[in-house]
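Undergrad: Any chance you could fold what I've pasted below:
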Amino acid sequence: LDYCDAYELTGDKAMLAMARKTWEFIVSGRDDQLGGGIYQTRDLGFLDPAGRLHLTGTIGGAINVAGRKISPAKVEAALLSTGLVCSVKVYGTPSTDAERHEEISATVELTPGTSLDALKQAATGVLQNWEMPRHWKIPRA
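TA: Purely as a prediction, here's the structure:
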């Protein structure tokens, strides 16, 4: 997920502005805002031999949904437990509702033959309503 993806999910122009700033940083080679060239995302992952990044979890960083603190790792584990996803990344995205603060979003790689509707249905058995992602993204292969 990048700022452009977050903009597509939320329509929040601040995400688009951050995408521009990030691109300007990359192009310029200067670092006025990203902490000495290192930006820690709090994501866990690894690079495979082909150089592809695989995200495997998150370090801390509870998602604040209307005052409830929701662990991305808990939602990821619940979605994986359905057996309907190969991989999943759960994260908070800004809400357009100021009282909600953030909303839960998930990027999932579905197992072959699985629909997003089937995953959502299965997830209702392992997640509370407030833990269910509101926004879903399925990356193109």
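Undergrad: Going by C-alpha atoms from here, please, whenever you check contacts or count neighbours.
TA: OK.
Undergrad: Could I get the buried residue list for stretch 65-76?
TA: For stretch 65-76, the neighbour count (16 or more other Cα atoms under 10 Å) marks 65, 70-73, 75-76 as buried.
Undergrad: Make a markdown table from those residues and add secondary structure, distance to Glu102 and pLDDT to it.
TA: What follows is the buried residues of stretch 65-76, written out as a markdown table (DSSP: H, G, I helix; E, B strand; the rest coil; distance: Cα to Cα, whole Å; pLDDT from 0 to 100):
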| residue | secondary structure | distance to Glu102 | pLDDT |
| --- | --- | --- | --- |
| Val65 | strand | 5 | 91 |
| Ile70 | strand | 10 | 90 |
| Ser71 | coil | 13 | 88 |
| Pro72 | helix | 12 | 88 |
| Ala73 | helix | 16 | 85 |
| Val75 | helix | 15 | 93 |
| Glu76 | helix | 17 | 92 |
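Undergrad: what's the spacing between Asn64 and Ala98?
TA: Distance of Asn64 to Ala98, given as Cα to Cα, to the nearest Å: 11 Å.
Undergrad: And those two? Which one has more around it.
TA: Asn64 (18 against 9; other Cα atoms under 10 Å).
Undergrad: Let's verify the more buried one: helix, strand, or coil?
TA: Secondary structure, DSSP: H, G, I helix; E, B strand; the rest coil: Asn64 is strand.
Undergrad: Next up, the contacts around it.
TA: Taking Cα atoms under 8 Å, 6 or more residues apart in numbering, we find Asn64 in contact with 70, 92, 100-103.
Undergrad: Next: Ala98.
TA: Applying Cα under 8 Å, 6+ apart, no residues qualify as near Ala98.
Undergrad: please redo it, this time with the cut-off set to 10 Å
TA: Ala66 (Cα atoms under 10 Å, 6 or more residues apart in numbering).
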